[in-house]
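[1] got a predicted structure here, sequence first:
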Amino acid sequence: MRKKLLAQHNIRSLFTTRSVQYLFAALDAPHRVIIVSNRSGNYQLHAADFHTGFHRQITNAKHGALFGSISSDGQNVYILSDTSGAEYGHFVRIPFKGGKSVSVTPDLKLYFSYSVSTNDNAETVCFTAALDNKNKIFAVRKNKSGEYHARELYSASTSLSEPICAPDGSVVCVAETNMDTGKSQLVFLPTAKGARTVHSRQFNAVMPLTFSRAQNKKVILTLVRYNNWYRPAMYDVTLGRTTEIHHSLFRGDVWALSWDEARHQLVLCDVYCAEQKLYVYDIHTKRLKRIGPKTGSFNFHFGSAALRQDGSLLVRWSDFNTSPRLIAVHAPRYDTWSEILEWAGDVSSCYVAKNIRTKSSDGEQIQMWVARPHGTKAPMPFVIDVHGGPHGVTLDEFSPEAHAWLKNGFGYCAPNYRGSIGFSRKFERKIYGNPGHWEVEDVVAARNWLVRNGYADPKYITIYGWSWGGYVTLLALGTYPELWSSGIAGAGIADCVAQYEDEPAYFRVQDEERFRGTPETARARYVRSSPITYVKRIQSPLLILHGEHDVRCPPRQMRRFIDALKKHGKRFDIEWFKSGHTGEFTDTNLRVRLIDRAIRFALSEQKR
């Protein structure tokens, strides 16, 4: 009993160590940031000013909080306020230094959304929202009475990116993607009534990041996909001309973390085959300098690099053995760095995570990370952890779940299947038109490599995943039933038709692109790609973990799957938890409980 309690304590410490998940910096005041950290217990939003040392916790959500926005001037923070973790609510505005929160959309119904963009003085707020089965763009301003009023600027059944707001608030820019062609265009939406909407030429793919802050300079920093890879580019609004930022050292998708116009400087991150390189790029001289740690991983969304007064850059960093923390990359040379102790945890281990390549069933090279407990050489029980997304990627990064499996005697494997980013457009889009198939083939290839090379005991291989990873887990259990000793699916998709019917428009248009149609126009694809279609073939015991308030992977489709499991006499356990889709990532007690349940389930099946 004492040994069991000690093991549980060790697992818990992996999740409670101080950790930073995300960093969001203000455009015009990049020393002011929102930090998503678990320093108070659950992951919550914190405001921090790296000029003055000011810090305060913004949210105290029951199940934690993961998303927020900071105004361009750094004076206000915006969060989507909901009560159940279901991710439907209203954006509220909260002063950076503290004060009363105010809804900025009191006249709208509840909507699904992630973030907002503001103009320079935050008098105009814009955002994309899933509402009334459409994706819509809204602009919010105060009226003469001081009340907030949201005006709908655009409505579409297509995919809309998060919008950006011009510095003077006169125009909002959003990328719209045509589901039939896969092409994107920039749409410029005037915030004044009666003005004309303007569409750009088409791109293979485009993401607007920010307007230039310089007066009379109508230029947007974007990401544009050229051939196989994303590259930063400047789009001249007046001329309709795009200028790519390129360099011979770029290899993968190159993401922009920040744009310092005063220093003519971009902070860039090159993501290539599950490895990252951080750079500073001088726009005038076109000089590229690699900076920061040479191993590990960083956030690579726009706004994920903050700035100190001396020009030093603040970024989030971790590697497989080191918990996520903020580091300062010191100016002016950017060749040294140090931890920000206030935002650093104390987990440090010495597992060897090998970067492995193997071939899938069609000969495509698949990358995966493989780690074993210290001193292990003989074949052993393994867990294959399938990441979510599908357009995610597992990097050289710290995962408390991975360490929990390793501490309990499992080997650990995390494959980057087709659909993962950073391996080329062809690799990422291979799953379109046949969702689930190549993901499963690639995970099976990873499993077979582990067996063939003497890492895994073929009798004891657990497949495990959350969200899209949970979907792939369920599909693999039904299509390759003899390969797994057990399966664990968290917040997964089990019935693609019912999923489509219940999900927000934000995700529905993504499914229309992946399945190349709706359940009405492409029903055969939805059925072929649904785990429920193969439920009769499942042989392995299954553990299902699902949130009662999950709107991304709604509960009804999972309940249909559970009914089918019961009908066919399959062995399974189910735990419903009282949270939405993000609760498993933000609620520390819930995370510990669920990983403990998963590991105990996998261990119990080894003893049968």
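    That came through, no problem.
[2] quick one, helices of the stretch 1-150 of the chain?
    Taking DSSP state H, counting those that start in this stretch to define them, one finds helices in the stretch 1-150 of the chain at 2-16.
[3] how about low-confidence regions in it?
    1-9, 83-84 (pLDDT under 70).
[4] apart from its chain neighbours, what residue comes closest to residue 606?
    In this structure, residue 606 finds its nearest non-sequential neighbour in residue 460, 5.3 Å apart by Cβ to Cβ, 6 or more residues apart in numbering. (Each C-beta comes from the backbone N, C-alpha and C, glycine too.)
[5] assumed that neighbour was part of a strand.
    Yes: counting by DSSP: H, G, I helix; E, B strand; the rest coil, residue 460 falls inside a strand.
[6] neighbouring contacts of stretch 360-369?
    273-274, 320, 353-359, 394, 396, 412-418, 423, 427, 430, 438, 441-442, 444-446, 449 (Cβ atoms under 8 Å, 6 or more residues apart in numbering).
[7] tell me the mean pLDDT for that stretch?
    Stretch 360-369 carries an average pLDDT of 98.
[8] buried stuff in that stretch?
    360, 364, 366-369 (16 or more other Cβ atoms under 10 Å).
[9] what of stretch 104-122?
    104-105, 108, 111-113, 115-120, 122.
[10] sort out for me which of the residues you listed are in strands.
    111-112, 117-118 (DSSP state E).
[11] and the furthest pair within those residues?
    Using Cβ to Cβ, the two most remote members of these are 112 and 118, lying 20.0 Å apart.
[12] give me the residue at the spatial middle of this protein.
    Nearest to the mean C-alpha position of the chain, by Cα atoms, centre = their mean, lies residue 392 at 6.5 Å.
[13] quick one, what contacts the nearest residue to that one once chain neighbours are set aside?
    Excluding its sequence neighbours, the residue lying closest to residue 392 (Cβ to Cβ, 6+ apart) is residue 420, at 6.6 Å. Contact analysis of residue 420 by Cβ under 8 Å, 6+ apart lists 274, 387, 389-394, 427-428.
[14] would you list the residues you listed in CSV and tack on secondary structure?
    As requested, the contacts of residue 420 are exported to CSV (three-state DSSP):
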residue, secondary structure
274, coil
387, coil
389, coil
390, coil
391, coil
392, coil
393, coil
394, coil
427, helix
428, helix
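[15] which ones among the buried residues of stretch 360-369 are found in strands?
    Filtering those for strands - DSSP E - leaves 366-369.
[16] how close does the residue lying closest to residue 15 once chain neighbours are set aside get to residue 554?
    Excluding its sequence neighbours, the residue lying closest to residue 15 (Cβ to Cβ, 6+ apart) is residue 400, at 4.9 Å. Using Cβ to Cβ, to the nearest Å, we find residue 400 at a distance of 27 Å from residue 554.
[17] same question, residue 292
    40 Å.
[18] if we can go back for a sec, any idea which of the ones in strands among the buried residues of stretch 360-369 is closest to residue 68?
    The closest of those, once distances to residue 68 are taken by Cβ to Cβ, is residue 369, at 29.9 Å.
[19] the residue nearest to residue 73 when sequence neighbours are not counted - how many residues pack around it?
    Leaving aside its sequence neighbours, residue 73 sits nearest to residue 28 (Cβ to Cβ, 6+ apart; 5.4 Å). A count of neighbours around residue 28, defined by other Cβ atoms under 10 Å, yields 16.
[20] same thing with residue 224?
    21.
[21] with the one 5 residues further on instead?
    The criterion is other Cβ under 10 Å. On that basis, residue 229 has 20 neighbouring residues.
[22] just residue 146 next, same as before
    6.
[23] tell me the contacts of the residue nearest to residue 540 when sequence neighbours are not counted?
    Nearest non-adjacent residue to residue 540, counting by Cβ to Cβ, 6+ apart: residue 484, 4.4 Å away. Residues near residue 484 by Cβ under 8 Å, 6+ apart: 461-463, 476-477, 540.
[24] show me which of those residues is closest to residue 70.
    residue 463 (39.0 Å).
[25] now the helix or strand where that closest one lies, how far from the chain's geometric center?
    Element membership of residue 463, judged by DSSP states H and E, is strand 456-466. Distance of strand 456-466 from the chain centroid (Cα atoms, centre = their mean, to the nearest Å) equals 24 Å.
[26] from now on call the first residue 400
    Fine by me, first position is 400 from now on; the one you just mentioned is strand 855-865.
[27] ok, then the element right after it?
    Following strand 855-865 in sequence, per DSSP H and E, is helix 867-878.
[28] and the helix or strand following that following helix, which strands flank it?
    Using DSSP H and E, the helix or strand that follows helix 867-878 towards the C-terminus is strand 885-889. Partners of strand 885-889 in the sheet, by DSSP bridges, are strand 855-865 (parallel), strand 941-946 (parallel).
[29] can you give me the angle strand 885-889 makes with helix 867-878?
    Orientation check (axes from the mean of the first three to the mean of the last three Cα atoms, to 10 degrees): strand 885-889 against helix 867-878 gives 150 degrees.
[30] okay, now the unreliable bits of the protein?
    Within the chain, the segments meeting pLDDT under 70 span 400-408, 482-483, 615, 1006-1007.
[31] looking at it, which helix is longest?
    Using DSSP state H to define each element, the chain has its longest helix at helix 987-1005.
[32] what about residue 620, how many neighbours?
    By other Cβ under 10 Å, neighbour count at residue 620 equals 22.
[33] run through the residues that contact the nearest residue to it once chain neighbours are set aside.
    Leaving aside its chain neighbours, residue 620 sits nearest to residue 608 (4.6 Å; criterion: Cβ to Cβ, 6+ apart). Residues in contact with residue 608 (Cβ under 8 Å, 6+ apart) are 563, 619-622, 655, 658, 701.
[34] and residue 608, how far from residue 525?
    Going from residue 608 to residue 525 by Cβ to Cβ gives 14 Å.
[35] over to residue 718?
    Here the distance between residue 718 and residue 525 works out to 37 Å (Cβ to Cβ).
[36] what of residue 423?
    For residue 423, the distance to residue 525 - Cβ to Cβ - is 16 Å.
[37] more neighbours: which of these two?
    residue 525 (28 against 22).
[38] quick check: the more buried one vs residue 582, distance?
    To residue 582, residue 525 is 23 Å away according to Cβ to Cβ.
[39] swap in residue 446?
    39 Å.
[40] which one's more surrounded, the two?
    It is residue 446, of residue 446 and residue 582, that has more neighbours when counted by other Cβ under 10 Å, with 23 against 15.
[41] now do the more buried one against residue 432, distance only.
    Taking Cβ to Cβ as the measure, residue 446 falls 8 Å from residue 432.
[42] between these two, which contacts overlap?
    Joint contacts of residue 446 and residue 432 (Cβ under 8 Å, 6+ apart) are residue 469.
[43] show me what residue 757 is bridged to.
    Bridge pairing for residue 757 - DSSP bridges - gives residue 765.
[44] that one contacts residue 850, correct?
    No: using Cβ atoms under 8 Å, residue 757 makes no contact with residue 850, being 11.3 Å away.
[45] who has more neighbours out of the two?
    residue 757 (19 against 16).
[46] who's in contact with the more buried one?
    Residue 757 touches 764-765, 767, 844-845, 847-848, counting by Cβ under 8 Å, 6+ apart.
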